[in-house]
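# here are the coordinates; sequence isn't available:
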């Protein structure tokens, strides 16, 4: 791989990968009490672009319920609601903004082209379904990739403690098992989450990532596969477990993930053995650990979500041992990689710079280094947003759980797509 030039912090161009404009057809099966209904498709600007009538397909779960069917053409950013004689069916509040970022970005780009300046005002209206499925069953406000049962078993939490002999530590492992329905697959994908103490809603630093809530919202909105979330609490000495040699003992943690944790969970739960369905996600040192573990154990882990990957040397032109090995090997060892960063170290840094533009940005979210990595992979794979790689610098974002929470849903959509 040819290494790109590293920009300074002040000259950093914030990468925003383009959105796909390709259209697809959604084959929608809808459970309803209406004898007639139509799907109304709305573009990101709130304009109605098509209306499709549903056709009777069969009877539902009880007397007076029907299953109707329609084929709807959608593009990224489009949404739809269903109109019947008794009113309108729009998504419940918990899922009303799923996929809204796409519509917001399309509106923003259009406004930039028209006015030549950035603004985030006038958000698109909510209350629209925005699934990414190609074939779906919509029942009680939830999308399913196959016909659901009459009563769907919701997601459930379980906790286990699994010992790591190499690090002499028992890790608390918290699992979120997916909903159960008739058409579910025999084996389930899994996502390992570093810093598990901060992953669940209203737990840990700054209220946590809300990864479980983001997952539930995305999967019910038809944008992410049903998977197992596995939140692993950090080691008492975080850097020792997460950093690769010579900084820490990350090689022992990676071995434990592949040779102890996953086999132990597979004895109890139907978890996939395919590396393309086994992922790991982390931020800061946790991101370094995620990339290193997937690189070292590519036979077991193939999907990586890296948020705010930490720069381990003072010079952003100096690659750490993992990235150097990838660059020297000249190959992309992951099935999929999400790599992102924000701008700032803390909100205090951001406020000071906004107040006085002459204040130097001493602390960043390892922004120059992450842009360096994004351009490295982007040049090698032919773009900043492909089916295997997505790199993005989030303008205004800081290095903490509040901001990681804002993008974790999108990462799950990328790593575990429904099509």
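Happy to help now that I have it. Here the structure is a predicted model, which is why all the values come from computation and not from measurement. Residues are numbered from 1 along each chain as shown.
# can you list the weak-confidence ranges in the stretch 51-200 of the chain?
93-97, 109, 111-126, 181-185 (pLDDT under 70).
# break down it into its helices, ranges please.
For the stretch 51-200 of the chain, the helices defined by DSSP state H, counting those that start in this stretch occupy 100-115.
# what are the boundaries of the strands in it?
55-59, 66-74, 79-84, 87-89, 135-139, 142-144, 156-164, 169-177, 190-193 (DSSP state E, counting those that start in this stretch).
# just send the ones you listed back as TSV, with distance to residue 233 too.
In short, each C-beta sits where N, CA and C put it, glycine included. TSV is the format used below for those (distance: least, CB to CB, whole Å):
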stretch	distance to residue 233
strand 55-59	47
strand 66-74	40
strand 79-84	38
strand 87-89	41
strand 135-139	36
strand 142-144	30
strand 156-164	10
strand 169-177	4
strand 190-193	10
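# show residues contacting stretch 321-330.
1, 3, 244-245, 288, 291-292, 295, 319, 332-333, 373, 376 (CB atoms under 8 Å, 6 or more residues apart in numbering).
# is residue 22 in contact with residue 75, as I believe?
Yes: with contact defined as CB atoms under 8 Å, residue 22 and residue 75 form a contacting pair (7.2 Å).
# so for these two, which residue has more residues nearby?
Neighbours per residue (other CB atoms under 10 Å) separate residue 22 from residue 75, with residue 75 holding more: 17 against 7.
# how much space between that one and residue 26?
11 Å (CB to CB, to the nearest Å).
# how about residue 200?
32 Å.
# ok, of the contacts of stretch 321-330, which one's closest to residue 39?
The closest of the contacts of stretch 321-330 to residue 39 turns out to be residue 332 (CB to CB; 39.6 Å).
# part of a helix, is that closest one?
No: Residue 332 sits outside any helix when classified using DSSP: H, G, I helix; E, B strand; the rest coil, being coil.
# could I get the phi/psi values of it?
When read as degrees, to the nearest 10, the backbone of residue 332 gives phi -100, psi 110.
# and it, how many neighbours?
15.
# what sits against it?
With CB under 8 Å, 6+ apart, residue 332 has these contacts: 326, 377, 380-381, 388-389.
# what's the closest non-adjacent residue to residue 186?
Distances taken as CB to CB, 6 or more residues apart in numbering place residue 270 nearest to residue 186, at 6.3 Å, with adjacent residues excluded.
# which among the contacts of stretch 321-330 end up buried?
244, 288, 291-292, 295, 319, 333, 373, 376 (16 or more other CB atoms under 10 Å).
# kindly indicate which of these lies nearest residue 43.
Checking these against residue 43 with CB to CB, the nearest one is residue 373 at 34.7 Å.
# secondary structure class of the closest one, three-state.
Looking at residue 373 with three-state DSSP, the answer is helix.
# hey, where'd the helices end up in the stretch 201-350 of the chain?
Here the stretch 201-350 of the chain has its helices, by DSSP H, counting those that start in this stretch, at 211-220, 238-242, 250-256, 262-268, 285-296, 321-329, 347-355.
# not counting sequence-adjacent ones, nearest residue to residue 80?
residue 41 (4.6 Å).
# name the element that neighbour belongs to?
Using DSSP states H and E, residue 41 sits within strand 38-42.
# mean confidence (pLDDT) on that strand, please.
Averaging pLDDT along strand 38-42 gives 97.
# who does that strand touch, helix- and strand-wise?
strand 48-53, strand 66-74, strand 79-84 (3 or more CB pairs under 8 Å, 6 or more residues apart in numbering; DSSP states H and E).
# let's have those strands in a markdown table, adding mean neighbour count and distance to residue 264.
Listed next are the helices and strands packed on strand 38-42 as a markdown table, based on neighbours: other CB atoms under 10 Å; distance: least, CB to CB, whole Å:
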| stretch | mean neighbour count | distance to residue 264 |
| --- | --- | --- |
| strand 48-53 | 13 | 48 |
| strand 66-74 | 18 | 41 |
| strand 79-84 | 21 | 42 |
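# out of these, which gets nearest to residue 399?
strand 79-84 (32.4 Å).
# ok and that closest one relative to strand 48-53, angle-wise?
40 degrees (axes from the mean of the first three to the mean of the last three CA atoms, to 10 degrees).
# confirm that residue 404 sits in a helix.
Yes: when classified by three-state DSSP, residue 404 is found to be part of a helix.
# neighbours around it, how many?
31.
# before we move on, the earlier item: tell me which of the helices of the stretch 201-350 of the chain is the most buried.
helix 285-296 (a mean of 27; mean count of other CB atoms under 10 Å).
# which one in the contacts of stretch 321-330 is the model shakiest on?
Out of the contacts of stretch 321-330, that is residue 3, at 46.
# residue 31: neighbouring residues, count only.
For residue 31, using other CB under 10 Å, the count is 16.
# which residue packs closest to it, ignoring adjacent ones?
residue 139 is the one closest to residue 31 (CB to CB, 6+ apart), at 4.4 Å.
# nearest to residue 250, of the strands of the stretch 51-200 of the chain?
Closest among the strands of the stretch 51-200 of the chain, using CB to CB: strand 156-164, at 12.2 Å.
# if you count contacts, what does that closest one end up packed against?
strand 169-177, helix 250-256, helix 262-268.
# could you give the separation of the strand holding residue 41 from the chain centroid?
In terms of CA atoms, centre = their mean, to the nearest Å, the centre of strand 38-42 is set 27 Å apart from its chain centre.
# need the residues that contact that strand.
By CB under 8 Å, 6+ apart, strand 38-42 touches 28, 48-54, 70, 72-74, 78-84, 125, 128.
# try 6 Å this time
Applying CB atoms under 6 Å, 6 or more residues apart in numbering, the external contacts of strand 38-42 come out as 48-53, 70, 72, 78-83, 128.
# what count of nearby residues applies to residue 151?
Counted with other CB under 10 Å, residue 151 comes out at 10.
# let's number from 622 now, not from 1
Got it, the first residue is 622 from now on, which makes the last one we talked about residue 772.
# quick check: it vs residue 801, distance?
Taken as CB to CB, the span from residue 772 to residue 801 is 10 Å.
# likewise for residue 648?
23 Å.
# if we can go back for a sec, so the strand holding residue 662 versus strand 669-674, what angle?
Using the same axes, to 10 degrees: strand 659-663 against strand 669-674 is 170 degrees.
# before we move on, back to that, need the winner for burial among the strands of the stretch 672-821 of the chain.
strand 811-814 (a mean of 26).
# partners of that strand in the sheet?
strand 849-853 (parallel), strand 899-904 (parallel) (DSSP bridges).
# ok, and what's touching it?
Counting by CB under 6 Å, 6+ apart, 820, 848-852, 892, 899-902 sit against strand 811-814.
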